[in-house]
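Undergrad: starting from these lines, generate the structure:
(one chain, ligands or ions: 1)
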Amino acid sequence: MRDTELYQTLLGLTTPWEVSGVAITQASAERPLGEVSVTVQWRADAALVCPACGRSGPRYDSRLRRWRHLNTMQWKTFIAAEVPRVNCPQCGVKQVRVAWAEDASRFTELFEAFAIQVLQAVRSKVQAQGLTELSWDQVDRIMERAVARGLARRSLEGLSYLGLDEKSFGKGHDYVSVLHDVVGRRVLDLVPERTREAADTLWAAIPEAQRQAVAAVAADMWQPYLEATRAAVPQAAIVHDKFHCAKELNKAVDLVRRREHRALKREGDETLSRTKYLWLKNPDNWTEHQRAHFRSLKLDSLKVGRAWAIKEAFADLWDYRYAASAKKFFDRWYFWATHSRLEPIIDAAKTLRRHLTGLLAYTKHRITNAVAETTNATIQLIKANARGYRNFTQYRIAILFHCGKLDLYPTGCDTMIVSPTHTKT
Ligand SMILES: [Zn+2]
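TA: Residues are numbered from 1 along each chain as shown. As a prediction, the model looks like this:
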């Protein structure tokens with residue numbers, strides 16, 4: 001078998017494309033891997049077809065193009081072709097479509113699919129770059145194209161429970177706003193900042209018909225989010241979940257601790273030294289050491305001890321299944337909290353009461369904004385890998401790539417890709 005025939009078969013090319021030559025370049029100092037270059041041509045006797053309308057037309061000219069393909073053994077492999085341009089009577093001069101790559105790509109579809117699989121498996125751009133021998137920008141472009149494909153194919157039918165939340169981004173105190181599909185456990189989109197405009201932008205990206213179907217939205221008690229949500233999905237209940245409430249109450253407990261610690265220290269009392277996380281952490285997750293430390297503290301005589309007890313008691317609210325009994329519980333708790341003489345706790349209790357409708361909504365819509373574990377882990381990885389995400393655009397692409405549950409692969413690759421993460425059937 002001749003080398004051209006062999007490559008024709010390996011590439012699975014069919015007429016009018018045919019392999020006309022195969023050349024190799026040996027490895028060298030500046031090229032650690034040898035290269036195989038496969039030249040492909042459009043048969044001279046085959047009619048040219050306009051990619052836009054399907055009519056045939058005369059050849060206008062041709063352009064030499066080159067694509068990276070999957071390796072041949074350990075040799076980097078490229079396809080090169082003079083791609084003809086057809087002069088379509090209807091559409092003008094158009095480049096004919098090639099069978100192995102998307103229009104703007106410099107990689108074959110199979111190579112892109114391979115790179116996507118590597119990125120999904122290692123979840124690190126640096127590692128993926130090494131494994132695929134791509135440049136930084138090339139990895140970025142493959143991810144961008146994959147996400148663009150995924151978003152174009154994505155269905156938003158049947159959205160019912162959504163979550164609107166903030167995430168910190170980068171090293172400083174920059175925030176991004178994230179819209180989740182709670183049921184589908186996927187990130188729908190994210191935008192910079194946590195302003196009214198940011199939330200409006202997220203909502204505007206959901207088509208009106210899908211917005212009308214939303215039953216409830218888990219959201220922070222952040223006023224701009226609430227205003228945007230009420231305007232975009234007026235029929236939807238707003239639910240403040242336990243994580244948002246715990247955040248408010250933890251802030252209050254910590255403030256009580258800081259003030260009390262400062263006062264005690266002035267008298268040489270170090271009781272509250274190194275106790276910050278003891279008061280904030282879920283007791284179920286205490287270490288043996290923390291448990292012992294906690295037992296040694298005289299809770300009743302400490303302000304922070306009382307604040308902590310009020311915070312812990314609040315969590316019972318989430319067990320109620322009826323709004324009326326939840327409301328009764330809240331009223332009792334509220335009385336206790338507001339008579340605690342602990343100013344931060346009184347403030348937090350008042351904040352919670354202002355948002356009581358959203359707290360009670362949880363009895364009916366049991367949703368939270370806690371994104372799936374894998375999503376959180378991925379976001380942590382992405383944040384740790386800061387070098388790869390110098391700007392928001394790349395960060396957004398990475399989150400959608402890993403947490404958007406998008407169909408990322410080029411068309412035509414589905415029969416050739418075998419991957420546990422590839423959900424297409
Ligand atoms: Zn045409």
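
Undergrad: for the rest of this, base every contact and every neighbour count on C-alpha atoms.
TA: OK.

Undergrad: dihedrals phi and psi, the residue nearest to Ala99 when sequence neighbours are not counted?
TA: In space, Ala99 comes closest to Leu13 once its chain neighbours are excluded; the distance is 7.8 Å by CA to CA, 6 or more residues apart in numbering. Summarising the backbone geometry of Leu13 under the convention degrees, to the nearest 10, its torsions are phi -80, psi 140.

Undergrad: tell me, how many neighbours does Val98 end up with?
TA: Applying the criterion other CA atoms under 10 Å, we find 15 residues in the vicinity of Val98.

Undergrad: tell me the SS of it?
TA: Reducing the assignment at Val98 to three states with DSSP: H, G, I helix; E, B strand; the rest coil gives coil.

Undergrad: sorry, back to before: Arg43 versus the residue nearest to Ala99, what's the distance?
TA: Computed as CA to CA, to the nearest Å, the Leu13 to Arg43 distance reads 12 Å.

Undergrad: and the contacts of the lowest-mean-pLDDT helix or strand in the chain?
TA: Every helix and strand in the chain was compared by mean pLDDT, DSSP states H and E; the lowest is helix 373-384, with a mean of 72. Contacts made with helix 373-384 from outside it, assessed by CA atoms under 8 Å, 6 or more residues apart in numbering, are listed as 123-124, 169-170, 389, 395, 398-399, 402-403.

Undergrad: quick one: name whatever helix or strand follows it.
TA: helix 392-403 (DSSP states H and E).

Undergrad: hmm, Phe317 is touching Phe329, no?
TA: Rather than Phe, residue 317 is Leu. Yes - at 6.9 Å, Leu317 and Phe329 qualify as touching, with contact defined as CA atoms under 8 Å.

Undergrad: those two: which is more packed in?
TA: Neighbour count, other CA under 10 Å: between Leu317 and Phe329, Leu317 has more, with 20 against 15.

Undergrad: helix, strand or coil for the single nearest residue of the stretch 101-250 of the chain relative to the ion?
TA: Scanning the stretch 101-250 of the chain for proximity to the ion using CA to the ion identifies Asp103 as nearest, at 15.8 Å. Of the three states, Asp103 takes coil according to three-state DSSP.

Undergrad: show me the contacts for it.
TA: Counting by CA under 8 Å, 6+ apart, the residues that Asp103 touches are Arg97.

Undergrad: check it and give its pLDDT.
TA: Here, the pLDDT recorded for Asp103 equals 87.

Undergrad: among the contacts of helix 373-384, show me the least confident.
TA: In terms of pLDDT, the weakest of these is Tyr389, which scores 63.

Undergrad: following the helix or strand hosting Glu312 in sequence, what is the next regular element?
TA: Of the helices and strands defined by DSSP H and E, Glu312 is found in helix 303-314. Next along the chain after helix 303-314, taking DSSP H and E as the criterion, comes helix 323-338.

Undergrad: chain center to that next one: distance?
TA: The chain centroid and the centroid of helix 323-338 are separated by 37 Å, computed with CA atoms, centre = their mean, to the nearest Å.

Undergrad: which parts of this protein sit against the ion?
TA: Proximity of the chain to the ion, by CA under 5 Å from the ion, involves residues 50, 52-53, 88, 90-91.

Undergrad: now the buried members of those residues.
TA: Under a neighbour-count criterion of 16 or more other CA atoms under 10 Å, the subset of the residues of the chain next to the ion counted as buried comprises 50, 88.

Undergrad: in strands only, show me the residues of the chain next to the ion.
TA: Restricting the residues of the chain next to the ion to those inside strands, with DSSP state E as the criterion, leaves Cys88.

Undergrad: show me what counts as buried in stretch 323-338.
TA: Counting neighbours by 16+ other CA under 10 Å, one finds that the buried residues in stretch 323-338 are 323, 326-327, 330, 333-334, 337-338.

Undergrad: stretch 77-93 too?
TA: 77-81, 83-88, 93.

Undergrad: so which residues make contact with that stretch?
TA: When contacts are defined by CA under 8 Å, 6+ apart, stretch 77-93 is touched by residues 35-42, 48-50, 52-53, 55-71, 94-96, 98.

Undergrad: for that stretch, what is the distance to the chain centroid?
TA: Centroid separation between stretch 77-93 and its chain, computed with CA atoms, centre = their mean, is 37 Å.

Undergrad: same deal with stretch 159-173?
TA: Stretch 159-173 sits 10 Å away from the centroid of its parent chain (CA atoms, centre = their mean).

Undergrad: could you do stretch 293-308 as well?
TA: Stretch 293-308 has its average C-alpha position 40 Å from the chain's average C-alpha position, going by CA atoms, centre = their mean.

Undergrad: can I get it in PDB, CA atoms only?
TA: C-alpha atoms of stretch 293-308 as PDB (Å, rounded to 0.1, in the frame of the first residue of the first chain):
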ATOM      1  CA  HIS A 293     -11.500  23.600  73.500                       C
ATOM      2  CA  PHE A 294     -15.200  24.400  73.200                       C
ATOM      3  CA  ARG A 295     -16.100  22.400  76.300                       C
ATOM      4  CA  SER A 296     -13.600  24.400  78.300                       C
ATOM      5  CA  LEU A 297     -15.300  27.700  77.500                       C
ATOM      6  CA  LYS A 298     -18.000  28.900  79.800                       C
ATOM      7  CA  LEU A 299     -20.600  29.600  77.200                       C
ATOM      8  CA  ASP A 300     -23.100  31.400  79.400                       C
ATOM      9  CA  SER A 301     -20.700  33.900  80.700                       C
ATOM     10  CA  LEU A 302     -19.400  34.900  77.300                       C
ATOM     11  CA  LYS A 303     -21.300  37.300  75.000                       C
ATOM     12  CA  VAL A 304     -20.000  35.400  72.000                       C
ATOM     13  CA  GLY A 305     -21.300  32.200  73.600                       C
ATOM     14  CA  ARG A 306     -24.800  33.600  73.700                       C
ATOM     15  CA  ALA A 307     -24.500  34.900  70.200                       C
ATOM     16  CA  TRP A 308     -23.400  31.500  69.000                       C
END
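
Undergrad: list the contacts for the residue lying closest to Arg211 once chain neighbours are set aside?
TA: Closest residue to Arg211 apart from its sequence neighbours, by CA to CA, 6+ apart: Val233 at 6.0 Å. Taking CA under 8 Å, 6+ apart, we find Val233 in contact with 211-212, 214.
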